[in-house]
Structure formats: structure tokens, C-alpha cells
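S.K.: build me a structure from this.
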Amino acid sequence: MAERLAQLTQWVQTHWSETQSAFAAPEKLEVVSGDASFRRYFRARAGQDSYIAVDAPPDKENSHPFVEIGKRWYSAGVAVPQIIRADLELGFMLLEDFGDRLLLPALQTDRGSEPYQPALETLLQLQQIADTELPLYDDAVLKREMGLFDEWFLGRCLGLELSDWQATLAKLYQQLAERAQAQLQVPVHRDYHSRNLMLLEDGRLGVIDYQDALLGPITYDLVSLLRDSYIEWPDSVVEEWVESYRVALVDKGFAVPDAAAFLKDFYLMGMQRQLKVVGIFCRLWLRDGKAGYIKDIPRTFGYLQRAALRYPEFAQFSKALAALEPVLKLHPLLGLHFEGQR
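M.R.: Numbering: from 1, shown residues only. This next block holds a predicted model:
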């Protein structure tokens, strides 16, 4: 770790002139944060100028999509960080500094709809980009993501016998994948939520962590934003926002279905994402030692339960989820958070 940081610091100093800063290169970097990956972020500060230095070890992180997508979206007018310099063989990048103001605290302070408006407007802008270079969010990817639920949540976390779930989950995954692929396909960020959106000093909303973007279902990022694993809103409020966004899409010429069908697309797309996220949170905890995500599992699981209850075709799955509640409450770590969620 220390050796990588020393190398990154020297690399930033070597390429500092490309920032066009009037100040001398910084002698050291300040830790900003890590995230759910192996990337580490540092602030390179000199006088009044500040940039973000990224350490993304190439044996653990493929940064090519981040750079390529970032350049295309930046050119299209989306507020993603400008890439000043990137050396992908070393796994180092120097980026525009978006500051530290995430959208999440603003949502927690103001429980109205106003803080969401920039996020919805930015999403609408993003979905209008004609980014044909993005890979497809195809059947294999959709099902592989959902498979994290049975592998990491049911199997490794709860220790359940997966054979008891195979038929139910196979049917569910097929239903959700088909519905997702039947939607209009647009650029999808794939993690568009309050911790990946930043309030910038110039009033814009900054978009980060976009490197996994694909061409996929039009409701995916909308459900990622409005069914956020880190903050929750009443279903009635969410449904109003969904309909307002659908109307905005129609006004922009998107061929989206009527209100009821679009809302069902939203809920079923949410189920696909929530299956994935519950599995990812368990994997981050059990494999990567990142226990901070445990507390967010009950909220995400609750979204999944409520969506399954809405539609009769998921009755079998809904019943299976309800049967898990005693197991979850007795779990030595998850139980505390599930009790607090009730």
C-alpha cells in the first residue's frame, strides 16, 4: 500500500504540468476515500487548485471502460470528472476534483422532491446520449447479477440449501430478464444513486463511478435512484416521481409504455437490481471484509419483498421470502439490522 502511494505521488508530480495549475506539484497526497472496489482516491492539493489522484491496481481493476466512457460522456455534456491524465498500465489516473458533497446528505436534510430534480434531469440527459459503443446489458449479464443472490445471500450468508430454491429462482430470473430486455434500451450507468452523485460548486450534479455502464433497460437507473439502498421514500411518493419521469421521457420523444406498464417495468427492474445488490452487499462483507454494507441489506431486501407482493406471478417467490424472516432475525449479525428495520 505504502509503495503504491509513493509511486502514485511521484507519478502525479511528474504529470502535474498537465493540470495547468499555477502552483507547484504537491509533495504528498491526502486520503479521500475508497469504495466498494479496490480503487483508492487521494486529493492532490496545491494552493487553490485540487485534483483527484486514483490508484486502481491493474491486476484488480480494469480502468479502460472508466476512461473511455468518461471521455465520451464528458464530450456529450454530462458532468463526469475530466480525465487529466491516465496511465492504465500503472493503474494511475488524475481527475478533476468534484469535492466532497454527495447528494445523500442533501436528501437526508430535505425530505422533499427538490433535491431529486437535478438527479432526474441529469438522468434524462444521460439517457439521450447515443453511445453505441457500450456493451449490451444482455440476458447473461442480467442473470449472472441475479445469481449473486443465491450464491452469496442464501448460500454463503444464510447457509441455506440452494436446491430448495432452484426451481423458484430459475423461473423468477427468466421472468425478470425477459421483462428487462423488452424495455427500451438506453445508456445505463448501473449504479446511479445518492452516493455516486455529487453537488458541484457551479450548481451542476456530478456523476461518478460510471465505469460499468451498459446499453440496457430505460427504468434501470431510475429504480437505482428512487429505490436507493441508502435512503428510503414512501411508495406513493416514489410512484409519483416515476410517473413524472415517464411524462418527461414522452416529452423528449421516447417510446415508453403507459403509466401502469411503465410502473410495472420499474418494480420488476427493481427486483432484478435488488437481488443483485443484496448479493453484492453480502459478498463485500464475507469476501472483502467490508462490513459497513450489512446495515443496508434489510432496506434493499424490503424493496424486493414489497415488489414481489404487488404482482401475482411472483406469489411463490414472495412466499419463499416471507419464510426467510425468522432465519434473518436469528442471524448473529443480520438479525440486529432486520429487527431495527421492522
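
S.K.: for the nearest residue to Ala291 once chain neighbours are set aside, what are phi and psi?
M.R.: Distance criterion C-beta to C-beta, 6 or more residues apart in numbering; nearest residue to Ala291, sequence neighbours excluded, is Trp285 at 5.2 Å. For glycine as for every other residue, the C-beta is placed from the backbone atoms N, C-alpha and C. Main-chain torsions, Trp285, degrees, to the nearest 10: phi -70, psi -50.

S.K.: now do the nearest residue to Lys290 once chain neighbours are set aside, the pLDDT please.
M.R.: Spatial nearest neighbour of Lys290, excluding adjacent residues (C-beta to C-beta, 6+ apart): Leu284 at 4.3 Å. For Leu284, the pLDDT comes out at 94.

S.K.: over to Gln82?
M.R.: 96.

S.K.: which residues touch Val277?
M.R.: Ser229, Thr300 (C-beta atoms under 8 Å, 6 or more residues apart in numbering).

S.K.: show me where the chain has its helices.
M.R.: For the chain, applying DSSP state H gives helices covering 2-15, 64-75, 103-109, 116-127, 139-148, 166-182, 220-226, 235-251, 259-286, 297-310, 315-330, 334-341.

S.K.: for the fifth one, buried residues please.
M.R.: Same thing as helix 139-148. Val141, Leu142, Lys143, Glu145, Met146, Leu148 (16 or more other C-beta atoms under 10 Å).

S.K.: contact partners for Ala323?
M.R.: Contacts of Ala323 (C-beta under 8 Å, 6+ apart): none.

S.K.: look up how far Gln316 lies from it.
M.R.: Distance of Ala323 to Gln316, computed by C-beta to C-beta, to the nearest Å: 11 Å.

S.K.: could you list the low-pLDDT ranges of the stretch 101-250 of the chain?
M.R.: 111-113 (pLDDT under 70).

S.K.: switch the cut-off to 80
M.R.: 110-115 (pLDDT under 80).

S.K.: wait, isn't Ser33 in contact with Arg43?
M.R.: No. Assessed by C-beta atoms under 8 Å, Ser33 is found out of contact with Arg43, at 9.9 Å.

S.K.: between these two, who's got more neighbours?
M.R.: Each of Ser33 and Arg43 has its neighbours counted (other C-beta atoms under 10 Å); Arg43 has more, 17 against 10.

S.K.: tell me the pLDDT of that one.
M.R.: pLDDT, Arg43: 96.

S.K.: if I look at it, how far off is Met198?
M.R.: 14 Å.

S.K.: next one: Leu120
M.R.: 16 Å.

S.K.: one more: Asp265?
M.R.: From Asp265 to Met198 the distance is 28 Å (C-beta to C-beta).

S.K.: so the two - more neighbours on which side?
M.R.: In terms of neighbours (other C-beta under 10 Å), Asp265 is the more surrounded of Asp265 and Met198; the figures are 25 against 20.

S.K.: quick check, pLDDT for the more buried one.
M.R.: Looking at Asp265, the pLDDT reads 98.

S.K.: contacts only, for the residue nearest in space to the middle of the chain.
M.R.: When C-alpha atoms, centre = their mean is applied to the chain, the residue found nearest the centroid is Asp191 (1.7 Å). By C-beta under 8 Å, 6+ apart, the contact set of Asp191 is Asp209, Tyr210, Asp212, Ser224.

S.K.: swap the cut-off to 7 Å and go again
M.R.: Asp191 is in contact with Asp209, Asp212, Ser224, counting by C-beta atoms under 7 Å, 6 or more residues apart in numbering.

S.K.: go ahead and confirm the first one touches Arg195.
M.R.: No. In this structure, Asp209 is not within contact of Arg195 by C-beta atoms under 7 Å, at 8.2 Å.

S.K.: spit out the residues that contact the two alike.
M.R.: By C-beta under 7 Å, 6+ apart, no residue touches both Asp209 and Arg195.

S.K.: who has more neighbours out of these two?
M.R.: Ranked by neighbour count (other C-beta under 10 Å), Asp209 and Arg195 place Asp209 first, with 20 against 17.

S.K.: what's the closest non-adjacent residue to that one?
M.R.: Using C-beta to C-beta, 6+ apart, the nearest residue to Asp209 is Asn196, at 4.4 Å.

S.K.: quick one, phi psi at that neighbour?
M.R.: The phi/psi pair for Asn196 (degrees, to the nearest 10) reads phi -120, psi 10.

S.K.: same check, this time on the one 5 residues further on
M.R.: When quoted as degrees, to the nearest 10, the phi and psi of Glu201 stand at phi -60, psi -30.

S.K.: return the per-residue confidence for the closest residue to it other than its chain neighbours.
M.R.: Residue nearest to Glu201 in three dimensions, not counting chain neighbours: Gly99, with 6.6 Å by C-beta to C-beta, 6+ apart. Looking at Gly99, its pLDDT stands at 94.

S.K.: how many residues are close by Gly99?
M.R.: 13.

S.K.: next: Arg85.
M.R.: Arg85, neighbours per other C-beta under 10 Å, totals 18.

S.K.: contacts only, for it.
M.R.: His15, Glu18, Leu94.

S.K.: so what's it scoring on pLDDT?
M.R.: Looking at Arg85, the pLDDT reads 97.
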